[in-house]
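Colleague: From the sequence below, what's the structure:
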Amino acid sequence: MKILLAESAYGRVWVDGEESREVTKVVDATDPNAMREVRCLRRIHHPNVIRLLGIRIEDGLLSMRFPRYPMDLDMF
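Modeller: From the prediction side, this is the model:
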């Protein structure tokens, strides 16, 4: 069961169940900012930048997979 974690102008973030270790950000595949984000995340390897696990383009949507962390920046 997919659970919507967040939604903004930049896309939606979904998780496949409470125990999932990954989240999926879904955006419009034609958005040039989305492709720029993918290019940047593929090049950057830094402990303070979330790691991109993979991408998929299907039905005009770009899905980016990321690790799920047990915290939220809204806490700070």
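Colleague: who's the spatially most central residue of the chain bridged to?
Modeller: What sits nearest the mean C-alpha location of the chain, by CA atoms, centre = their mean, is K25, with 3.2 Å. With DSSP bridges as the criterion, K25 is bridged to V13, M64.
Colleague: wouldn't it be in contact with S63 here?
Modeller: Yes - the pair K25 and S63 passes the contact test of CB atoms under 8 Å, sitting 7.2 Å apart. (C-beta placed from N, C-alpha, C; glycine too.)
Colleague: quick one, what contacts the residue nearest to the centre of the chain?
Modeller: For K25, the residues meeting the contact criterion (CB atoms under 8 Å, 6 or more residues apart in numbering) are 11-14, 63-64, 66.
Colleague: That one and L52, how far apart?
Modeller: 10 Å (CB to CB, to the nearest Å).
Colleague: Overlap of the contact sets of the two?
Modeller: Overlap of the contact sets of K25 and L52 (by CB under 8 Å, 6+ apart) consists of 64, 66.
Colleague: Now do F66, the pLDDT please.
Modeller: Here the pLDDT value assigned to F66 is 94.
Colleague: What is the burial count for it?
Modeller: 16 (other CB atoms under 10 Å).
Colleague: That one should be in a strand, yeah?
Modeller: Yes - with DSSP: H, G, I helix; E, B strand; the rest coil as the criterion, F66 is part of a strand.
Colleague: From what I see, it and L53 are in contact.
Modeller: Yes - counting by CB under 8 Å, L53 is a contact partner of F66 at 6.1 Å.
Colleague: list residues touching both of the two?
Modeller: If you check F66 and L53 against CB under 8 Å, 6+ apart, the residues they both contact are E22.
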